[in-house]
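> Structure for the following, please:
(one chain, ligands or ions: 1)
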Amino acid sequence: MKKILVTGGAGFIGSHLCERLLNDGNEVICLDNYSSGSKDNIIHLIDNPCFVLVHHDVTMPFSIDVDEIYNLACPASPVQYQCNPVSTIRTSVIGAINMLELAKTTNAKIMQASTSEVYGDPEVHPQPETYWGNVNPIGVRSCYDEGKRCAESLFVNYHKQNNVDIKIVRIFNTYGPNMLPNDGRVVSNFIVQVLQDKPITIYGDGSQTRSFQYVDDLVEGMIRMMNTPDDVTGPVNIGNPNEFSILELAQMVIELTGSKSKIEFREFPEDDPMQRKPDITMAFELLNGWQPKVQLKEGLLNTINYFRRLML
Ligand code: UDP
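Residues are numbered from 1 along each chain as shown. The predicted model follows:
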């Protein structure tokens, strides 16, 4: 049995990860400040004697003896991370330092939840890990993009300087149950809008693309990455390479729900990437043939059912 710390454990991805790690027979310490996470996501785990919930902000040092750390704490929806950009940078950068210091002193293995946003508005398509990205350092997304890029730098340098055992995964657009209805990201927005018979809001003309990964596929990839040999540090892309335009996504959500919602076109947000698709060759090779299993339609149906139950 391993003792595992998950920062951001009450968030969308963190809550799925905590549940999976518990099911695998581990002891899980879930740390969250509930800024974009929710107790509702982990309430069903609270009676499990192997689960410990701690209300804490990663920007403050934290001390505990653990075998592994998954550092997920940070708002990830553009709407939310742009609300308080300085706090987003602090969470990424100071949070990473605090967790890396903890890993250093306790000899724990540590994984950083990095992001496809390190590639910015990519000029290389699909994006391999070797691509350095196209990020506007002073744009509205920079608090998240540069915060996460700095965290990656901290991870590789703690590895070099202090021999900390690190793993970096770059997570591409992920969706599924436990996203908050007001999360602000496209999948939850569209589903909540159609379930409320409201118009679907497409930003721009909907020709921009994303590649959507179901959360279970991501969790499987992250756990496999944590279990790789010490010399595998990453970064490794974890995402689903099936690419869709935002207009196609809207049409699929309408079709799957049988909704009569109309589509409304809104202004295209500043610095919004026009295309995104992971090259997952490296993940396939390093993570024992890992590749996403859940097709978009199947994952969307699960997510629609989740929001239907939530909104009853
Ligand atoms: N988007 C949209 N309508 C919405 C929310 C998002 O058209 O209600 C678009 C957004 O402009 C972007 C894409 O959907 O091009 C994905 O946005 P999201 O916020 O989910 O994540 P991102 O990949 O941009 O971080």
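
> for stretch 241-248, how far is the first residue from the last?
Stretch 241-248 has an end-to-end distance of 15 Å (criterion: C-alpha to C-alpha, to the nearest Å).

> Looks like residue 230 contacts residue 165 (just checking).
Yes - using C-beta atoms under 8 Å, residue 230 is in contact with residue 165, at 5.6 Å. (Glycine included, C-beta is placed from N, CA and C.)

> List phi and psi for residue 2.
As for residue 2, its main-chain torsions (degrees, to the nearest 10) stand at phi -100, psi 150.

> Among residue 230 and residue 165, which residue is more densely surrounded?
residue 165 (17 against 11; other C-beta atoms under 10 Å).

> Pull the contacting residues for that one.
Residue 165 makes contact with 103, 107, 108, 109, 110, 159, 230, according to C-beta atoms under 8 Å, 6 or more residues apart in numbering.

> Top of these by number of neighbours, please.
The most crowded member of the contacts of residue 165, judged by other C-beta under 10 Å, is residue 110 (27 neighbours).

> How are the helices of the stretch 101-250 of the chain distributed by residue range?
Secondary structure of the stretch 101-250 of the chain by DSSP state H, counting those that start in this stretch: the helices cover 142-162, 186-195, 215-226, 246-257.

> Could you check how many residues crowd around the closest residue to residue 261 other than its chain neighbours?
Leaving aside its sequence neighbours, residue 261 sits nearest to residue 194 (C-beta to C-beta, 6 or more residues apart in numbering; 4.7 Å). Neighbourhood size, residue 194 [other C-beta under 10 Å]: 22.

> residues in contact with residue 194?
200, 253, 254, 257, 259, 261.

> can you tell me how far the spatially most distant residue from the centre of the chain sits from residue 277?
Computed with C-alpha atoms, centre = their mean, the residue of the chain farthest from its C-alpha average is residue 260, at 30.8 Å. Taking C-beta to C-beta, to the nearest Å as the measure, residue 260 falls 31 Å from residue 277.

> coming back round to it: residue 304 versus the residue nearest to residue 261, what's the distance?
8 Å.

> What parts of the stretch 51-200 of the chain come near the ligand?
77, 78, 173, 185, 186, 189 (C-beta under 6 Å from any ligand atom).

> which two of those lie the greatest distance from each other?
Maximum pairwise distance among these (C-beta to C-beta): 12.8 Å, between 173 and 189.

> Could you list the low-pLDDT ranges of the protein?
Counting by pLDDT under 70, the chain contains no low-confidence segment.

> Please, where are all the strands along it?
3-7, 27-32, 51-55, 68-71, 109-115, 166-171, 174-175, 200-203, 209-211, 213-214, 236-238, 243-245, 263-266 (DSSP state E).

> what packs against the longest one?
Using 3 or more C-beta pairs under 8 Å, 6 or more residues apart in numbering; DSSP states H and E as the contact criterion, the elements in contact with strand 109-115 are strand 68-71, helix 85-106, helix 142-162, strand 166-171, helix 215-226.

> again, but for the last one
For strand 263-266, the helices and strands in contact under the criterion 3+ C-beta pairs under 8 Å, 6+ apart are strand 200-203.

> and the strand it packs on, which residues are buried?
Residues of strand 200-203 classed as buried by neighbour count (16 or more other C-beta atoms under 10 Å): 200, 202.

> Identify the residues contacting it?
So strand 200-203 is contacted by 189-190, 193-194, 246-247, 250, 253-254, 261-269, 272 (C-beta under 8 Å, 6+ apart).
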